[in-house]
Each structure stands twice: as structure tokens, then as C-alpha cells.
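Novice: next come a sequence and a model predicted from it.
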Amino acid sequence: MKKLLAVLMVMVLSAVMLCACGSTSNDSDTQEKNSKDTNGDGTVKVGIVAMIENGAFTDMRDGIIEELKAQGYTDDQIDYQCAQGDATALSSIVSNMTDGTYDMVFTVATPPTQAFVNAESDTPVFFCAVSAPEAAGVITSMDKPDKNATGTSNAIPVSTIFELAQNVTPAKKYGLIYSGNEDNATNTIKQAKEYLDSAKIEYVEKTAPTSGDVEAAANALVSEKVDAIFIPNDSIIQDGIDTLVQICNENKIPTYVSSATTVASGCFATLAIDDKGIGRKTVTMAMEYVNGKSVEDIPAQVIGIDYCSVNQKAMNALGLKKEDIKTDYEVLVLE
């Protein structure tokens, strides 16, 4: 009888231990699964939003998605939406993604970031490649974000780009072209004028409010006999870039820009960041929030220059070779 009781006691204890082990494993799995459920609704959902799609923004989006997956997120937890340049569509996306069902939202560039921040929702925003976050009003301080948003800035190294330009194709007169419709582009042009004023270099500026106006603006700069042209990150100018490139190459005018994507589109040169890289770095910052930090304790970061990007056809049109590109950065020639 005693032996029977002993055997039964062992069986009971074993069962209890197995249940405890099983419970610990399940709890651990559940905890790991829900560790990214930052709003506590039992599901994990992350939004990614762009206003338009172009080469740079697509690479940034892909960098964000790749790093999210590396962090354990799955396709069904990631929702990418693009407003296709439509402000009404963007407003609808913002309304949908700030309804409390999304754990966090990643915004690509300035317009969608402004839209989400202005919504003043509880959903944290991690912006990617906002060139001037403070000027755009998405944060008051880079060091202490205060609007439930933080992220990465591809602050355009305006003075360094002009130094590159003066080293490679010295100019006495620059042409500046932008749409006048985008805060980030206007801010970059402001910095360009400040640099040129300080360097006592002449310049003339032209605006192209629509992509259809780019040709007239480019021809106006040619008629003003500019020696080189500077272009900020501006989606409207980007839409008309083929025409601008053709005019500038025919007139042997070098075009210095703010994005490697614009170089890939035919413009001459820039000092660039890696677009996928800035997307990945934005996710790395967001993981600090996922792991318990508050947004205001995650300083926004300015991402530095990765390389000098040069377009081969534009270089040929100017009669230059790779050896003529005088810079301390690695030179990547785009065919």
C-alpha cells in the first residue's frame, strides 16, 4: 500500500512539473509574441506611409520593411500605404492609422510626418528622412522629441555639396530651382542661398510649381547664363527631371542635387546617404520604444554622408572623368 501511494505521489508530482514547464513555455512564447504589442490590444500592427513613390522613398520603405522582418515582424503585421500625391488620400490614411489599432507608424519624408504629427494621436510616429524636422514642425527639439514623434533626418549637407561643386566645376553663378510647394525643399534652398551669400557667389532662383513648369524654369536659368544648377529634394522637380537633365546636358551645365535618386535620374552629382540604410536605422530607433523607452527619450538623429554619387552620362556630357571628382568620400558612378 505504501509503495502504491509513493508511486501515485511521484506521478502527481511529475504531472504538476510538466504542467508548470508547459505553462512557462507558453507564457514565454506569449510574452515574446506580444512584446511588440505596444498598445496592449492583443495584436501587432505597424504602418508605413509615403506621400509619393520614387526611387529614394521606395528604398527607404524597403529598408524599413527589411529591418522590421529582421526584428521578427511578419508581412501580415506590416501595412504599407502610399497616398500617391493626393492630400485627401493621405488624410484618410492618417485617420485610419491613428484609430488605436496600430502600435506605431513609420513615415517616409516630410509631408506624411507632418500629417501624422498634426493629428496629435497616441500612436507614436517614427519618421524616416525628414530633412529639417524642427523647421517642418514635427519636433521642437532633436534631443528631446516632444510630439510623440522621433526618427532620422537626412539633413542635406548643403555647404559640403557646394564645396564639392566648387572643387569639381568651379562656378561664378549658380541657378537654384525648386517648386516652392514643399517645406523641406524651401528650407534647403534657404540654406543654399545663405551659403552662396557667405561665399559671395552670385545666384539666380526659379520656381516650377508643377512638373510641367520645369522645362521653362530650366531654360530660364540657361538664359541667365548660370555655370551650374543646384536642386533640393523636391518631388515636383523630380517628376520633371528628365527634361531638366536633357537641357543641362545639352548646355554642359553641371547639376548638383540633394539625393542619389536624382543622380540616378540623370543629374550630375551629390553627397548622399544610403536610402535603405536610413530606413533600417529608423527601425533600430523604433526598437528602443518597443523595448520600453518613451518616444521623448529617443533623440532624433541626423544621418551622415555615405558616399559621393555621380552620373556617368552627365559626367560624359561635361567631359569629365571619375578622377576629376575631388572629394574625400567614396565615389560611386551610376551608369
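Specialist: Arrived safely. Residues are numbered from 1 along each chain as shown.
Novice: show the pLDDT at residue 133.
Specialist: pLDDT recorded at residue 133 is 93.
Novice: go on, residue 19?
Specialist: Reported pLDDT for residue 19: 41.
Novice: again with residue 116
Specialist: 97.
Novice: that one: neighbour count?
Specialist: 29 (other CB atoms under 10 Å). Quick note: C-beta positions are derived from backbone N, CA and C, even for glycine.
Novice: please, which helix or strand holds it?
Specialist: Under the criterion of DSSP states H and E, residue 116 resides in helix 110-119.
Novice: so which bits of that helix are buried?
Specialist: By 16 or more other CB atoms under 10 Å, the buried positions in helix 110-119 come out as 110-117, 119.
Novice: ok, so of those residues, who is nearest residue 49?
Specialist: Closest approach between these and residue 49, by CB to CB: residue 112, at 4.5 Å.
Novice: give me the beta-bridge partners of the closest residue to that closest one other than its chain neighbours?
Specialist: Closest residue to residue 112 apart from its sequence neighbours, by CB to CB, 6 or more residues apart in numbering: residue 49 at 4.5 Å. Beta bridges link residue 49 to residue 81, residue 107, judged by DSSP bridges.
Novice: what's near enough to touch residue 49?
Specialist: Residues near residue 49 by CB atoms under 8 Å, 6 or more residues apart in numbering: 80-83, 90, 93-94, 97, 105-108, 112, 116.
Novice: if you set the cut-off to 7 Å instead, what comes out?
Specialist: Going by CB atoms under 7 Å, 6 or more residues apart in numbering, residue 49 touches 81, 93, 97, 105, 107-108, 112.
Novice: contacts for the helix holding residue 116?
Specialist: Applying CB under 7 Å, 6+ apart, the external contacts of helix 110-119 come out as 49-51, 90-91, 94, 98, 105, 107, 125, 127, 130-131, 136-138, 147, 149, 183-184.
Novice: can you pull out the strands in the protein?
Specialist: 46-50, 78-82, 104-108, 125-128, 149-153, 173-178, 202-207, 228-231, 255-257, 269-272, 301-302, 307-311, 331-334 (DSSP state E).
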